[in-house]
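Engineer: Build me a model from this:
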Amino acid sequence: MSITTMNKSIHEGRNIKRFREMLNMTQEAMAADLGDDWTQKKISLLEGKEKVESDILDQVAKILKVSPEAIRNFSEEAAVNIISNTFSDESVAYAQYYKCTINPFEKWVDAMEKNEQLYKELLKSEREKIEILEKLLNEKKGSK
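Structural biologist: Predicted structure coming up:
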């Protein structure tokens, strides 16, 4: 099996569009957030650019609440690959790697030990009550 590397260039404008769509933001809303110089048409042209100027990318990233590097490095193919390799069925991600850190048997043994301790304390308390009652009974018999 050979490992192949993809030398596809990342389309920054398309990545801006993907992030904008993930936030359910319209081009008009993005234009309004960028300022008076921006229109829907200008956003459309921006999303068509393969490379976006650094200062504009910084502004857009701030509005999209992501880092500029996220826009520069986002690869849809890699994301799809990660998702397809993570979800083997309709279960949650990484479910097959779940490792229980709680040993149920140990918890059960701990509970049993606590029950035993409580039982011993209850038994001791009952014996003390019996001794007190016997003393009172003996004192009553002795005083008659």
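Engineer: What mean pLDDT does stretch 72-83 get?
Structural biologist: On average, the pLDDT along stretch 72-83 is 67.
Engineer: Ok, stretch 35-51 next?
Structural biologist: Mean predicted confidence for stretch 35-51 is 93.
Engineer: in this structure, what spans have low per-residue confidence?
Structural biologist: Along the chain, the parts satisfying pLDDT under 70 run over 1-8, 76-100, 144.
Engineer: 80 - rerun?
Structural biologist: 1-9, 75-101, 143-144 (pLDDT under 80).
Engineer: just checking, what's the longest helix in this protein?
Structural biologist: In the chain, with assignment by DSSP state H, the single longest helix is helix 104-143.
Engineer: Output the contacting helices and strands for it.
Structural biologist: Contact partners of helix 104-143 among helices and strands, from 3 or more CB pairs under 8 Å, 6 or more residues apart in numbering; DSSP states H and E: none. All C-beta atoms are positioned from the backbone trio N, CA, C, and that covers glycine.
Engineer: List the buried residues of it.
Structural biologist: By neighbour count with 16 or more other CB atoms under 10 Å, helix 104-143 contains no buried residues.
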